[in-house]
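Colleague: After the sequence you'll find the predicted model.
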Amino acid sequence: MKIGILGGGLSGLVAGHVLAKDHEVVLFEKMPFLGGCLSSYHIDNYWIERFYHHCFSGDKQLFSLLRDLGLWDRLLWHKGSTGYYSNNSLYPLTTPMEILRWPELSLLEKARLALLTLSARKIDLAPLDDISAETYIVEHLGPRIYSAFFEPLLKSKFGKNRSHVSAAWLISRIAIRSDRGVAGEHLGYLNGGFHQIIDSLERSILEKGGKIQLQTPVTTLTKKNGRLVINDEAVDKVISTMPLSELGMLTGLPFPEIPYQGAACMTLGIERDVTNGIYWTNMKDESPYGAVVSHTNFIPVEKYGENIVYLASYFSGTVPARLDQRMQDDFCSRFRLETSEIHWSRMAVDPWAGPVYVTGYQSLIPAYEKHGIYLAGMFSRENYPERSMEGSIRAGNHAAECILKEKEHQ
């Protein structure tokens with residue numbers, strides 16, 4: 001059986017890895033590289049992801065994939081510290097004492113916030129799909145906790161859509177990040193970079209006889225003589241990881257309208273640490289980025305020979321004008337960094353970085369197979385209520401399993 005895969009991100013590569021063992025696989029990727037949001041830059045003698053990444057202790061299918069690819073022994077666990085930038089000051093918020101000293105919430109409000117963090121994993125998310133995060137937090141924790149703590153986070157990630165984001169997403173986000181001790185979150189990273197997963201999946205597909213076509217956007221997807229035709233290539237089955245609106249425009253078929261947002265991520269190699277040892281700093285003050293992610297306060301700077309920082313921003317529609325320059329200028333001014341201390345910079349932009357998890361999102365999730373096309377990607381059930389590497393791997397595995405099970409029953 002010949003299977004066409006649309007998209008060379010993690011879901012598409014995982015599906016190809018599974019299916020290429022017994023079937024003919026051809027994968028189409030419009031970019032000149034594989035990996036999507038998990039793709040990497042090669043800087044001098046090291047690799048670094050275009051968009052910041054880490055994994056979590058509950059990522060079971062990721063761990064299974066690492067074992068399958070022979071990468072398990074490269075997974076290392078580190079502590080991820082957090083901070084909040086507000087009123088022109090950087091507040092560390094990792095240890096209990098640091099949290100107690102934070103001036104923007106009372107002791108009682110901090111206790112309520114801590115209780116939510118501790119109980120998040122036990123909360124039933126299904127009823128929260130139709131409730132906005134704003135409504136849930138205001139009703140359960142109070143308006144001040146929402147305005148002082150949660151609203152800036154939602155604004156930086158979802159912008160004008162923040163009032164429509166579901167409580168299911170927010171509670172899931174809190175739950176996944178609740179594996180922490182007094183020194184910070186327990187987060188995983190692949191020694192040498194996550195590009196090794198992408199490289200290994202590519203090698204697996206090619207060694208099994210599959211084909212990977214880079215810089216090959218899919219311009220037509222039609223049916224002819226009982227088969228699907230991708231561009232000019234006839235296949236028996238298709239797995240699409242494309243955003244559903246793009247797939248609908250390509251095929252003329254009706255797919256659910258799922259709102260997406262883009263991500264713009266600037267990566268900087270710099271002379272010194274400017275975030276006082278903090279890995280993840282959320283920005284409450286108005287700035288052209290919502291978070292500063294100091295990678296080398298998570299992975300030792302000795303691995304790279306320089307400090308690496310991400311400036312993360314989300315947008316709807318088109319990228320704001322001169323965003324890269326505005327990001328760099330603001331970062332240098334705010335964190336007192338001279339431009340001469342910047343070794344290099346790169347800007348990664350993905351207009352389809354992920355869905356906006358609005359209230360009622362669960363009803364928008366399509367079936368695994370629709371109009372004869374198998375669907376996997378960030379919009380899928382496996383990536384709700386929070387997208388992740390784990391969710392993308394599960395989506396790719398599930399799409400492949402659906403095809404294999406259908407073949408068995410024929």
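Modeller: Cool, the structure landed.
Colleague: burial count for residue 216?
Modeller: 17 (other Cβ atoms under 10 Å). Every residue, glycine included, has its C-beta placed from N, CA and C.
Colleague: separation between it and residue 277?
Modeller: 44 Å (Cβ to Cβ, to the nearest Å).
Colleague: next one: residue 122
Modeller: Following Cβ to Cβ, the distance that separates residue 122 from residue 277 is 32 Å.
Colleague: How about residue 385?
Modeller: 31 Å.
Colleague: sorry, back to before: which one of residue 122 and residue 277 is surrounded by more residues?
Modeller: residue 277 (11 against 7).
Colleague: pretty sure that one is touching residue 80, no?
Modeller: No. Between residue 277 and residue 80 there is no contact under Cβ atoms under 8 Å: 11.5 Å.
Colleague: burial count for the closest residue to residue 107 other than its chain neighbours?
Modeller: Leaving out its chain neighbours, the residue that sits closest to residue 107 by Cβ to Cβ, 6 or more residues apart in numbering is residue 100, at 7.3 Å. Other residues lying near residue 100 total 9 when counted by other Cβ under 10 Å.
Colleague: For residue 100, give me the pLDDT.
Modeller: Per-residue confidence for residue 100 comes out at a pLDDT of 91.
Colleague: Look up which residues are beta-bridged to residue 24.
Modeller: residue 2 (DSSP bridges).
Colleague: Verify the stated contact: it with residue 205.
Modeller: No. Contact criterion Cβ under 8 Å: residue 24 and residue 205 do not qualify, at 10.9 Å.
Colleague: quick one: secondary structure of the residue nearest to residue 107?
Modeller: helix (DSSP: H, G, I helix; E, B strand; the rest coil).
Colleague: For residue 113, see how far away it is.
Modeller: For residue 100, the distance to residue 113 equals 12 Å [Cβ to Cβ].
Colleague: in this protein, what secondary structure element scores lowest on mean pLDDT?
Modeller: The helix or strand with the lowest mean pLDDT-type score in the chain, counting by mean pLDDT, DSSP states H and E, is strand 180-181 (a mean of 64).
Colleague: of residue 24 and residue 205, who's got more company?
Modeller: residue 205 (27 against 16).
Colleague: so that one sits right up against residue 25, yeah?
Modeller: Yes. Counting by Cβ under 8 Å, residue 205 does reach residue 25; the two are 6.1 Å apart.
Colleague: If I follow the layout properly, residue 113 ends up in contact with residue 105?
Modeller: Yes. Residue 113 is within contact range of residue 105, at 7.0 Å (criterion: Cβ under 8 Å).
Colleague: Pull up the overlap in contacts between these two.
Modeller: Among the neighbours of residue 113, those also in contact with residue 105 (Cβ atoms under 8 Å, 6 or more residues apart in numbering) are 145, 149.
Colleague: neighbour-wise, which of those two wins?
Modeller: Set residue 113 next to residue 105 and count neighbours by other Cβ under 10 Å: residue 113 wins out with 20 against 17.
Colleague: And that one, what's its pLDDT?
Modeller: So residue 113 comes in at 92 (pLDDT).
Colleague: can you list residues touching both of residue 205 and residue 25?
Modeller: By Cβ under 8 Å, 6+ apart, the residues touching both residue 205 and residue 25 are residue 16.
Colleague: longest strand of this protein?
Modeller: In the chain, taking DSSP state E as the definition, the longest strand is strand 342-355.
Colleague: List the neighbours of the next helix or strand along the chain from that strand that are in contact with it.
Modeller: Downstream of strand 342-355, the next assigned helix or strand under DSSP states H and E is strand 369-370. Applying Cβ under 8 Å, 6+ apart, the contact partners of strand 369-370 are 253, 255, 375, 402.
Colleague: my guess is the first one meets residue 371, correct?
Modeller: Yes. Using Cβ under 8 Å, residue 253 makes contact with residue 371 at a distance of 4.7 Å.
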